[in-house]
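Visitor: this one's structure only:
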């Protein structure tokens, strides 16, 4: 009876050993998949400078070349202006913003730029960046009604 089990046990052992892999990792005779490479991307064309005043038509649209403007907000209430001094970094474009807090119209002038603030409204204009220094703001004809200081961290 024991002799019938011996051939069956040997056959089972052979299957187990063959299934374990051993040194021969069971490589098939199928050829390896072909290696494919994607074509190299074409270089992007160099951007040509736009004529002055022309709107950009390239990807990204107009506006991505506009410099950042640092706000200098002045709240006008009669003859009072708050804050009296605004600090901005040097050489940044300054957006001077006049706000009528008293319901009256006002005129704000700074470094050659000017704007008429409507009654109860607001208006702004930009001034190209300035060197380090302290610059007076004229409001309703009062020179030095406020001051913009450049060359420091932004803030009131």
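Guide: Noted; the coordinates are in hand. Keep in mind that what you see is a predicted model, and the values were worked out from it rather than measured.
Visitor: show me the contacts for residue 120.
Guide: By CB atoms under 8 Å, 6 or more residues apart in numbering, the residues touching residue 120 are 100, 103. C-beta here means a position set from N, CA and C on the backbone, and glycine is covered the same way.
Visitor: which SSE is it in?
Guide: Assigned by DSSP states H and E, residue 120 belongs to no helix or strand.
Visitor: Relative to residue 137, how far out is it?
Guide: Using CB to CB, to the nearest Å, we find residue 120 at a distance of 20 Å from residue 137.
Visitor: Check residue 127 too.
Guide: Residue 127 sits at a distance of 10 Å from residue 137 (criterion: CB to CB).
Visitor: more crowded one of these two?
Guide: residue 137 (23 against 18; other CB atoms under 10 Å).
Visitor: ok, and what's touching the host helix or strand of the more buried one?
Guide: Of the helices and strands defined by DSSP H and E, residue 137 is found in strand 133-139. For strand 133-139, the surrounding residues in contact (CB under 8 Å, 6+ apart) are 74, 76, 81, 96, 98, 106-111, 143-151.
Visitor: if we go to 10 Å?
Guide: With CB atoms under 10 Å, 6 or more residues apart in numbering as the test, strand 133-139 has contacts from 72, 74, 76, 79-81, 84-88, 90, 94, 96, 98, 106-111, 114, 117, 127, 142-151.
Visitor: One more: stretch 106-116?
Guide: For stretch 106-116, the surrounding residues in contact (CB under 10 Å, 6+ apart) are 72, 74, 76-78, 81, 94, 96-100, 105, 117-119, 121-128, 130, 135-141, 143, 145-146, 148.
Visitor: buried stuff in it?
Guide: Residues of stretch 106-116 classed as buried under the neighbour-count rule (16 or more other CB atoms under 10 Å) are 106, 108-110, 115.
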